[in-house]
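Visitor: can you look at this prediction? I've put the sequence above it.
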Amino acid sequence: MLTRFAEAGKSPESVRLTPLIDLPGPRGCVFFPHLAGAGIWARSFAAVWVGVLCTAVNLVAQLLFMPARPLWSLTIAALDVLVLHALITHVSPE
């Protein structure tokens, strides 16, 4: 690999690798649950479904992390199920 850089006339330190897909970082992921929480507090029905979506994604993520941290993942997954139940059953589409 070093010889390929030497042939091109570049040192390995001068080559910057860029990702193929530029995904948003944690700032984008953290923003939606806070926005949904504020919308739920204001009784917005659309915000409830954003909250349901965020909670469902977190539930699936916790189930995927089950082999690494079983007790923690099971605890958070149970809390996600409780949040989903509360969001779906106790909010009316007014």
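Guide: Yep, it's here.
Visitor: ok, and the closest non-adjacent residue to Leu74?
Guide: Met66 (7.2 Å; C-beta to C-beta, 6 or more residues apart in numbering). Backbone N, C-alpha and C define where each C-beta goes, glycine included.
Visitor: and the one you found, how far is that from Val83?
Guide: Using C-beta to C-beta, to the nearest Å, Met66 is found at 18 Å from Val83.
Visitor: out of the two, name the residue with the larger neighbour count.
Guide: Just comparing Met66 and Val83: by other C-beta atoms under 10 Å the higher neighbour count belongs to Val83, 17 against 13.
Visitor: element containing that one, please.
Guide: helix 70-89 (DSSP states H and E).
Visitor: give the buried residues for that helix.
Guide: Ser73, Ile76, Ala77, Asp80, Val83, Leu84, Leu87 (16 or more other C-beta atoms under 10 Å).
Visitor: stretch 32-52 now?
Guide: Neighbour count says stretch 32-52 has Pro33, Ala36, Gly39, Ile40, Ala47, Val48, Trp49, Val50, Gly51, Val52 buried, by 16+ other C-beta under 10 Å.
Visitor: export it to CSV, keeping only CA atoms.
Guide: This file holds the C-alpha atoms of stretch 32-52, laid out as CSV (Å, rounded to 0.1, in the frame of the first residue of the first chain):
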residue,chain,number,x,y,z
PHE,A,32,-36.0,14.6,16.6
PRO,A,33,-36.8,13.1,20.0
HIS,A,34,-36.6,16.5,21.7
LEU,A,35,-38.7,18.0,19.0
ALA,A,36,-41.2,15.2,19.4
GLY,A,37,-41.2,15.7,23.2
ALA,A,38,-42.0,19.4,22.8
GLY,A,39,-44.8,18.6,20.3
ILE,A,40,-46.3,16.0,22.6
TRP,A,41,-46.2,18.4,25.4
ALA,A,42,-48.1,20.8,23.1
ARG,A,43,-50.6,18.0,22.2
SER,A,44,-49.6,17.8,18.6
PHE,A,45,-50.9,14.6,17.0
ALA,A,46,-48.1,14.6,14.3
ALA,A,47,-45.5,14.9,17.0
VAL,A,48,-46.9,11.8,18.7
TRP,A,49,-46.2,9.8,15.5
VAL,A,50,-42.7,11.2,15.4
GLY,A,51,-42.3,10.0,19.0
VAL,A,52,-43.7,6.6,18.1
